[in-house]
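**Q** this one's structure only:
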Ligand SMILES: [Zn+2]
C-alpha cells in the first residue's frame, strides 16, 4: 500500500518534470526560432553519423593514432615538416575531377644531424612487425616504401605502419625491372596500381615513391617530368646498409656507420636504405645497433615527406 502510493507520487512528479522540459523546449524554440543552426545542432546531437547526409569528401577508413598530413582537393598549403604525407585522392581521381596533381615547390629541410630510416620491399609478415616494435621502443618514426605484391597480402601490416605514424611510400607494384623501366607510362601505371591497393586499405594514398634499384641507371630523362606532373616525390638514398647483398647484422651496421663517418656532409639529411622484405632478418638484428649509433651521435629522426632534401 505504502509502496503503491509512493510509486504514484514518483510517477506524477516524473510526468510534471517531462511536461516542464517539453514546455521549456517549445518555448526556447519559439524564442530563438528554428533556424538552420538550431536544426543542425539538433541533427548533430541526436542523429547517428550514418543517418546524416553523406559528405562529398572521401573519408579515411583508418584513423591513425599519430599525426599525419593529408592533402584534400586543393594543394594550397604546404604540408608541415616532419609529418607523413598522404593524399585523399589518387592521381586518376584528381585528373577525373579536374583537381591539381603536381605539388607546390617546398624548401628542403636541412637539419644539424637528421636521419631518415627507410625500409623497402615490405610489408613482410616476419620482419615488419619486428621493425615496428623496435621503432616503437625507440620512439622513432620511419619511412616504408611498400611493394604492391606485398601490400596485397599484408593489409593489416600496412594499417599498422600507418597507425604508428610512419610515412608510407610507393615502391611500384611488381619490382620487376624489365617491366618497370620499359617506359615512363608503364612505370606510372605500376605506381597507380600500388596506390589503388594502398588506398583501398587506408582510404588515403602516398605521395612519395622510390624506384626499385634506384633511379640512376634505370630512369631515362623522360621519367622525371612525368613523375613531377603526376605529383610523385621520388626519393633516393645516400647511405646504403648493403643489406640487399645478404650481409650479417654486424656488416649491415658497419656499412651504415662507415659511410656516415666518411662523409659528414650527409649528416644534415642521412637517408638510410634498408629492407624489411622477405629474407631480411639480419637487417632487423642490425637495426637496434644502427639506432643506438645514430642516437649516440646526436641524430634526430624524421619521416620522408615533401621537405626531405634530395639524397645527393
Ligand atoms: Zn626494392
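**A** Alright, I've got the coordinates. Bear in mind that the values here come from a model prediction, so they are computed numbers and not experimental data. Residues are numbered from 1 along each chain as shown.
**Q** now the strands: where do they sit in the stretch 51-200 of the chain?
**A** Ranges of strands within the stretch 51-200 of the chain are 68-71, 84-87, 114-120, 143-146, 167-170, based on DSSP state E, counting those that start in this stretch.
**Q** so what's residue 228 up against?
**A** Shown in contact with residue 228 (C-beta atoms under 8 Å, 6 or more residues apart in numbering): residue 102. The C-beta positions use only the backbone N, C-alpha and C, and glycine is treated the same way.
**Q** Reduced to three states, what does the nearest residue to residue 248 once chain neighbours are set aside come out as?
**A** The shortest distance from residue 248 to any non-neighbouring residue, by C-beta to C-beta, 6 or more residues apart in numbering, is to residue 282 (5.7 Å). Using DSSP: H, G, I helix; E, B strand; the rest coil, the structure places residue 282 in helix.
**Q** thinking residue 282 is in contact with residue 252, fair?
**A** Yes: counting by C-beta atoms under 8 Å, residue 282 touches residue 252, with 6.0 Å between them.
**Q** hey, what's in contact with both of those two?
**A** Both residue 282 and residue 252 are contacted by residue 243, under the criterion C-beta under 8 Å, 6+ apart.
**Q** Neighbour count for these two, which is higher?
**A** Comparing residue 282 with residue 252 by other C-beta atoms under 10 Å, the one with more neighbours is residue 252, at 27 against 20.
**Q** Quickly find the element holding the more buried one.
**A** Secondary-structure element containing residue 252, defined by DSSP states H and E: helix 249-262.
**Q** Could you identify the helix or strand that succeeds that helix?
**A** From helix 249-262 onward toward the C-terminus, using DSSP H and E, the following helix or strand is strand 270-275.
**Q** looking at the protein, which helix or strand is least sure?
**A** Within the chain, confidence by mean pLDDT, DSSP states H and E is lowest for helix 36-46 among all helices and strands, at a mean of 37.
**Q** Just give me the neighbour total for the closest residue in space to residue 279 that isn't next to it in sequence.
**A** Of all residues not flanking residue 279 in the chain, residue 246 sits nearest, at 7.7 Å (C-beta to C-beta, 6+ apart). Residue neighbour count, defined by other C-beta under 10 Å, stands at 11 for residue 246.
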